[in-house]
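> this one's sequence-less:
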């Protein structure tokens with residue numbers, strides 16, 4: 001019989017942090033205990049410990065708990081190790097200046113994509129995305145840009161995980177997705193036309209490393225009222241140019 005080497009208290013603390021990460025306004029002890037399926041007294045003790053360590057903070061008025069600033073230290077140390085983020089940032093700023101819409105940088109993480117950098121536009125209406133957010137590969141422009149240049153085996157594995165529907169425009173039929181990926185591969189960029197979130201349109205292009213392997217993607221995203229279908233062609237050119245420059249910094253050689 002295999003021995004369970006997990007530490008229960010650590011596992012419980014991580015679950016609490018994950019729940020708090022999903023709620024910007026924070027959570028009270030009662031709601032948090034229901035979410036992690038633990039007694040309120042247990043949750044309270046763990047929150048007190050995390051509070052003393054600086055990983056959690058409490059709102060004095062609402063008495064709700066949320067992630068503390070010390071979490072940034074852990075996340076920041078990981079981001080600093082990501083060369084792609086370091087090499088891409090000034091080019092993302094350049095792209096942001098051209099399009100004045102939200103610009104994102106993502107990397108694949110298993111069967112999802114994770115946002116590791118973001119630049120907001122200076123418009124009143126802004127994207128609610130954030131660094132650390134997860135995006136589905138089949139229902140986001142960045143995800144589809146990565147999928148289109150991934151191995152057929154990986155694409156099949158993603159399909160086997162299930163193509164969840166997020167909006168009426170989400171591609172959930174495997175054959176349709178495969179045809180869609182072929183088009184993306186031919187033209188060099190992907191479009192999320194309200195497939196992940198209603199009212200949001202995104203244009204993305206892949207990033208490659210020195211071996212030619214796709215290692216990430218960048219996107220321009222915004223409300224459909226500002227990122228119109230007429231603007232897709234111009235924005236896609238800017239996005240592909242930026243992705244090409246980042247890829248070259250990562251060692252990719254143009255054929």
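That came through fine. Note that the coordinates shown come from a computational prediction; the quantities given were computed from them, not determined experimentally.
> Please report the distance of the residue nearest to residue 165 when sequence neighbours are not counted from residue 196.
The spatially closest residue to residue 165, leaving aside those adjacent along the chain, is residue 172, at 5.2 Å (C-beta to C-beta, 6 or more residues apart in numbering). Backbone N, C-alpha and C define where each C-beta goes, glycine included. Taking C-beta to C-beta, to the nearest Å as the measure, residue 172 falls 12 Å from residue 196.
> what's the answer for residue 175, then?
Distance from residue 175 to residue 196, by C-beta to C-beta: 20 Å.
> More neighbours: which of these two?
Set residue 175 next to residue 196 and count neighbours by other C-beta atoms under 10 Å: residue 196 wins out with 21 against 9.
> Give me the secondary structure label for the residue lying closest to residue 105 once chain neighbours are set aside.
Of all residues beyond its chain neighbours, the one nearest residue 105 is residue 117 (4.0 Å), with distances taken as C-beta to C-beta, 6+ apart. The three-state assignment at residue 117 reads strand, by DSSP: H, G, I helix; E, B strand; the rest coil.
> mind listing the helices for the stretch 101-250 of the chain?
141-148, 152-160, 174-187, 232-249 (DSSP state H, counting those that start in this stretch).
> mind checking which of those is nearest residue 87?
Closest to residue 87 of those, according to C-beta to C-beta: helix 232-249, at 4.3 Å.
> Next, the angle from the closest one to helix 174-187.
Put simply, helix 232-249 runs at 70 degrees to helix 174-187, going by axes from the mean of the first three to the mean of the last three C-alpha atoms, to 10 degrees.
> What lies in contact with helix 232-249?
Under the criterion C-beta atoms under 8 Å, 6 or more residues apart in numbering, residues 84, 87-88, 91-92, 94-95, 98-99, 101, 187-189, 191, 201, 203-209, 217-220, 227, 254 lie in contact with helix 232-249.
> Of those, grab the buried ones for ChimeraX.
Buried residues among the contacts of helix 232-249 (16 or more other C-beta atoms under 10 Å), as a ChimeraX selection:
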select :84,87,88,91,92,95,98,99,101,188,189,191,201,203,204,205,206,207,208,217,218,219,220,227
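> low-scoring stretches of this structure, by residue?
Where the chain drops to pLDDT under 70, the residues are 1-6, 76-82, 122-129, 255.
> can you do 90?
Within the chain, the stretches with pLDDT under 90 are 1-9, 21-25, 60, 68-87, 100, 119-134, 209-211, 226, 249-255.
> quick check: domain ranges of it?
8-73, 82-249 (automatic domain parsing).
> Just say which of those domains is most tucked in.
Compared across these, domain 82-249 shows the largest average neighbour count, a mean of 18 (mean count of other C-beta atoms under 10 Å).
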